[in-house]
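**Student:** Quick one, fold the following:
(2 chains)
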Protein chains: 2
Amino acid sequence: MAKAPIITPQAQDFPRWYQDVLAKAELADNGPARGTMVIRPYGYAIWERMVAEVDARIKATGAENAYFPLFIPESYLQREAEHVQGFSPELAVVTHGGGKELEEPLVVRPTSETVIGEFMAKWVQSHRDLPLLLNQWANVVRWELRPRLFLRTTEFLWQEGHTAHATEADAAAYARRILHDVYEDFMVSVLAIPVVVGRKTSDERFAGATNTMTCEALMADGKALQMGTSHELGQNFARAFGIAFQDESGTEQTAWTTSWGVSTRMMGGLVMAHGDDAGLRLPPNVAPIQCVVLLIRDESGAGERAALIAEALRTAGVRVRLDDRVDQSFGRRATEWELKGVPVRVEVGPRDLAEEQAVVVRRDTNTKSTVPLAGLAAAVADLLGAVQSSLLDEARARRDTATVDVSDLDGVVAAGRSGFARVPWPVVRDEGAALRAEALTVRCLQSVDGGVASDEGDDTAAYVARAY
Amino acid sequence: MAKAPIITPQAQDFPRWYQDVLAKAELADNGPARGTMVIRPYGYAIWERMVAEVDARIKATGAENAYFPLFIPESYLQREAEHVQGFSPELAVVTHGGGKELEEPLVVRPTSETVIGEFMAKWVQSHRDLPLLLNQWANVVRWELRPRLFLRTTEFLWQEGHTAHATEADAAAYARRILHDVYEDFMVSVLAIPVVVGRKTSDERFAGATNTMTCEALMADGKALQMGTSHELGQNFARAFGIAFQDESGTEQTAWTTSWGVSTRMMGGLVMAHGDDAGLRLPPNVAPIQCVVLLIRDESGAGERAALIAEALRTAGVRVRLDDRVDQSFGRRATEWELKGVPVRVEVGPRDLAEEQAVVVRRDTNTKSTVPLAGLAAAVADLLGAVQSSLLDEARARRDTATVDVSDLDGVVAAGRSGFARVPWPVVRDEGAALRAEALTVRCLQSVDGGVASDEGDDTAAYVARAY
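**Tutor:** Residues are numbered from 1 along each chain as shown, chains lettered A, B, ... in the order given. Sure thing, here's the model as predicted:
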């Protein structure tokens, strides 16, 4: 069936394709104040699933959720020197409250290290209070001059974890546990997005961190997206805020802290990692609707049968939606669910029902098959598993093809145009200006064995790419 | 066992008792900026359970979650006249962003009627788009001159629902469904708090509403707390923001909207409805930890047995915590769980284990019983059910005793000192000044049959009380 192009093809204009998908799949809209975002119900339902999956993994590490204030006295941000430098240009400032000018302006949190540091200092007294493992789900504000929905918005939603530990080794191990067991595992097994996990160079580190580790994903246009970061903060914040404890011998020690976060930016990553010219393609593990039962025509009791089929799928544990809006054209409705990336469609009409069967369509490959109703639930469950792994395989193959080993700057520039250039770090270490001229950045460093680099040594490998 | 008073007795100083409980049970702390609040992990875990229970009920009505921006252009609030009057003195205003003064100041949302109205106008075209049922979980800011943790804080967390309907009747029915099926049901069956449900007088209405309905609870000190409200907004916001639709005949019609919310204020209500001089008492349905297994001494394998007992309770569906910190005194730990209001404690020591039994303690009544280990899971489940209904019965009995039918102003003043005065509305309709002089307010109006009053007619009954 030939379709009018509802969204701009990726090859024609990728940024416009992205905007079109967000609009047509009803994921998000620009808010009235510059750089703000409205997350529409379908987009928010995806975010809710992300939150549930990430939250469960965070809690499994022993961390607990809490909530800290939106407003932070300006003086707090100034206590840690690098931190204030990093965030000053991005701050939104409240100067008036309750009809009066405030004595001290309040910053709308760009992140909560400082205020959480203050309370950790109160709550930590003894080594018995450590590790203190906190997380919060919250909105934060960082002024954006060139906002893009989900990718860079002035206000965004995220989780920010903040932990204090008795030793540097314990902090380091925990920051890596978050990186791998929470973030990498979530991105790969739920979002079906393969990520390159590595260490940020000192130029790219979080303001105030001693080590920033990152998950970097490759989008369909060959650009990298930073999907989540986990930071070792050394004793910088602990010293600035006085987070100290008595060790077993009664000696006062300064704690070691970490912080780590993922945000609504992952929504943008999900769209750009899997979407195609027909719209979104959602991995079943994160899809709010895994399967839509599409009633073609309500004749010969087909409507009732369709409702029963949907109910049976729900009972089998599938997140299912019944679309019985037969007053709207079937083609238009099918296109809508395609745009929204629902992994599996079950098309139910009187003709197939008479033969006790239905047509089942996979969104990712657009393949159709006719399935006997008796085996439908099992067939749909199988398909959902197949779509999940197939999307991951596809994204991994694209990423691997677009990752090129090179050994000199020319090679980096060529490979970085369409993916990751993997190059010995010494080749690009002092080439910041040359990379910037090509809009390239070092996304992260890996050790020779492909793990997160433990330093910026000569034997590490740099991943270089254009990036969002 | 005689205990030093850890918290101020209620009878001595109720407000101080409240503060002591919040501090000692580690529920919340004052934030650094005036009126802001830190919700500590134990407090937040209770809030997470409230959110899950309310969210499920909201979704059961067909509403979907979305997210709208924190910052609202100042001009938006001015479009609905009553609304801007109602909120002006409470606003926090961002005047600077990204290092510059803003052209138009941004208000930090005190509620989102206006910005959501703007988007409803975009999304609603046809009667097919109605009803549009939206909800969001978010932080909002209303400047507080006399802040009190959970009860009145400059920033608080809440859900705000916003819906648009084709007819006044549909809007009215939906607002009542939220009031009864979501809020009242949640408060009674989960929080074990009996509520008086009624209509606000026109003086007490939400700014811009045509009808505000409320759930009012009685705290242990005889004061009322507004726990949640559901508003019919008539066509006020729809007219101001242009929320219109084509009806079946193709004629353009203005929509009817509602809004409704509950907030972290319910946390304060939970504390003050059930707490006693030993601390919190949590109804099991909202308790993050329903049962703590307290290891008395780790001798003769008691530690391993305690862990197995906790695991068996977890398997039986109980939210259980194992406390095996035997390096701290048993009495101190028992007091801690008492303060935190954990409904059931299972005390496990070598002596009882030798007889294959454990001591089980109910927090609400402080009664102890010895239970054979073989029947422990069933006994704990029974106890949790008993605690849940017993707390509700107790709160209901107190509320009923403190609700006095009176027929003149003197009677209102006398009864209002320690609970609800229920009085024919005409008796107090024009007595606003006299009531204010006694710090009394009309909490709500009920019809003669005890339901929500449909107007402010002569035959309605007013509930009058002091209030938070």
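**Student:** Helices of the stretch 351-468 of chain A, start to end?
**Tutor:** Assigned by DSSP state H, counting those that start in this stretch, the helices in the stretch 351-468 of chain A fall at A:376-401, A:409-416, A:425-428, A:432-437.
**Student:** will you turn those into CSV that also has mean pLDDT, mean neighbour count and distance to chain B?
**Tutor:** No exception for glycine: its C-beta is placed from N, CA and C like everyone else's. Shown next, in CSV, are those (pLDDT from 0 to 100; neighbours: other C-beta atoms under 10 Å in any protein chain shown; distance: least, C-beta to the nearest C-beta, whole Å):
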stretch, mean pLDDT, mean neighbour count, distance to chain B
helix A:376-401, 98, 18, 22
helix A:409-416, 98, 19, 29
helix A:425-428, 98, 18, 31
helix A:432-437, 96, 12, 22
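**Student:** Could you chop chain A up by domain?
**Tutor:** A:14-274, A:284-390, A:403-465 (automatic domain parsing).
**Student:** among these, which is the most enclosed?
**Tutor:** Greatest average neighbour count among those goes to domain A:14-274 (a mean of 21), per mean count of other C-beta atoms under 10 Å in any protein chain shown.
**Student:** Pull the number of nearby residues for the closest residue to chain B within the stretch 351-468 of chain A.
**Tutor:** Closest approach between the stretch 351-468 of chain A and chain B, counting by C-beta to the nearest C-beta: residue A:468, at 19.5 Å. Neighbours of residue A:468 under the rule other C-beta atoms under 10 Å in any protein chain shown: 18.
**Student:** would a markdown table of the domains of chain A with distance to residue B:128 be doable?
**Tutor:** A markdown table is the format used below for those (distance: least, C-beta to C-beta, whole Å):
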| stretch | distance to residue B:128 |
| --- | --- |
| domain A:14-274 | 15 |
| domain A:284-390 | 8 |
| domain A:403-465 | 44 |
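**Student:** In chain A, where is pLDDT below threshold?
**Tutor:** For chain A, applying pLDDT under 70 flags the ranges A:1-4.
**Student:** relative to its centroid, which residue of it is most remote?
**Tutor:** residue A:300 (45.7 Å; C-alpha atoms, centre = their mean).
**Student:** show me what contacts the closest residue to it other than its chain neighbours?
**Tutor:** Leaving aside its chain neighbours, residue A:300 sits nearest to residue A:350 (4.4 Å; criterion: C-beta to C-beta, 6 or more residues apart in numbering or on different chains). Applying C-beta atoms under 8 Å, 6 or more residues apart in numbering or on different chains to residue A:350 gives the contacts A:296-297, A:299-300, A:302.
**Student:** Where does the residue minimising distance to the centre of chain A sit: helix, strand or coil?
**Tutor:** The residue lying closest to the centre of chain A (C-alpha atoms, centre = their mean) is residue A:266, at 2.1 Å. Secondary structure assignment for residue A:266 (DSSP: H, G, I helix; E, B strand; the rest coil): helix.
**Student:** quick one: which two of the contacts of residue A:350 are the most distant?
**Tutor:** Within the contacts of residue A:350, two members stand farthest from each other by C-beta to C-beta: A:296 and A:300, at 11.5 Å.
**Student:** returning to what we had before: run through the residues that contact the residue nearest to the centre of chain A.
**Tutor:** Neighbouring residues of residue A:266 by C-beta under 8 Å, 6+ apart: A:50, A:187, A:191, A:227-228.
**Student:** What is the nearest of those to residue B:111?
**Tutor:** residue A:50 (26.5 Å).
**Student:** Touching the helix or strand containing that closest one from outside, list them.
**Tutor:** Taking DSSP states H and E as the criterion, residue A:50 maps to helix A:41-60. Contact with helix A:41-60 is made by A:22, A:25-28, A:39, A:65, A:135, A:137, A:157, A:159, A:161, A:178, A:181-183, A:185-186, A:190-191, A:262, A:264, A:266-267, A:270, A:282, A:285-288, A:340, B:64-67, B:134, as judged by C-beta under 8 Å, 6+ apart.
**Student:** 7 Å - rerun?
**Tutor:** Applying C-beta atoms under 7 Å, 6 or more residues apart in numbering or on different chains, the set of residues contacting helix A:41-60 from outside is A:25-28, A:39, A:135, A:137, A:157, A:159, A:161, A:181-182, A:185-186, A:190, A:262, A:264, A:266-267, A:286, A:288, A:340, B:64-67, B:134.
**Student:** Identify those among the residues you listed that sit within strands.
**Tutor:** Members of the contacts of helix A:41-60 lying in strands (criterion: DSSP state E): A:28, A:39, A:135, A:137, A:157, A:159, A:161, A:262, B:64-65, B:134.
**Student:** Spit out the contact partners of residue A:305.
**Tutor:** Applying C-beta under 7 Å, 6+ apart, one finds that residue A:305 lies in contact with A:348, A:353.
**Student:** re the thing from before, what separation do you get for the residue farthest from the centre of chain A and residue A:352?
**Tutor:** According to C-beta to C-beta, to the nearest Å, residue A:300 stands 11 Å off from residue A:352.
**Student:** just residue A:275 next, same as before
**Tutor:** The value you get for residue A:275 to residue A:352, if C-beta to C-beta is used, is 30 Å.
**Student:** repeat for residue A:12
**Tutor:** Counting by C-beta to C-beta, the separation of residue A:12 from residue A:352 is 37 Å.
**Student:** Now do the contacts for residue A:98.
**Tutor:** With contact taken as C-beta under 7 Å, 6+ apart, residue A:98 is in contact with B:89-90, B:143, B:145.
**Student:** With residue A:190 instead?
**Tutor:** A:53, A:283, A:285-286.
**Student:** Would you mind confirming that residue A:409 is in contact with residue A:432?
**Tutor:** No. The criterion here is C-beta atoms under 7 Å, and residue A:409 misses it with residue A:432 at 11.6 Å.
**Student:** Where does the stretch 101-250 of chain A get nearest to chain B, residue-wise?
**Tutor:** residue A:143 (3.4 Å).
**Student:** helix, strand or coil for that residue?
**Tutor:** coil.
**Student:** Wait, it touches residue A:154, no?
**Tutor:** Yes. Residue A:143 lies in contact with residue A:154 (C-beta under 7 Å); the separation is 5.7 Å.
**Student:** joint contacts of those two?
**Tutor:** In contact with both residue A:143 and residue A:154: no residue, using C-beta under 7 Å, 6+ apart.
**Student:** From residue A:374, how far out is the residue farthest from the centre of chain A?
**Tutor:** Distance from residue A:300 to residue A:374, by C-beta to C-beta: 19 Å.
**Student:** ditto for residue A:350
**Tutor:** For residue A:350 relative to residue A:374 (C-beta to C-beta), the value is 18 Å.
**Student:** and what of residue A:452?
**Tutor:** Distance check for residue A:452 against residue A:374: by C-beta to C-beta, it reads 50 Å.
**Student:** Next up, phi/psi of the closest residue to residue A:234 other than its chain neighbours, please.
**Tutor:** Among residues not flanking residue A:234 along the chain, residue A:210 sits closest, at 3.7 Å (C-beta to C-beta, 6+ apart). Here is the backbone geometry of residue A:210 (degrees, to the nearest 10): phi -100, psi -20.
**Student:** Now do stretch A:428-446: distance from first to last residue.
**Tutor:** From its first residue to its last, stretch A:428-446 covers 14 Å (C-alpha to C-alpha, to the nearest Å).
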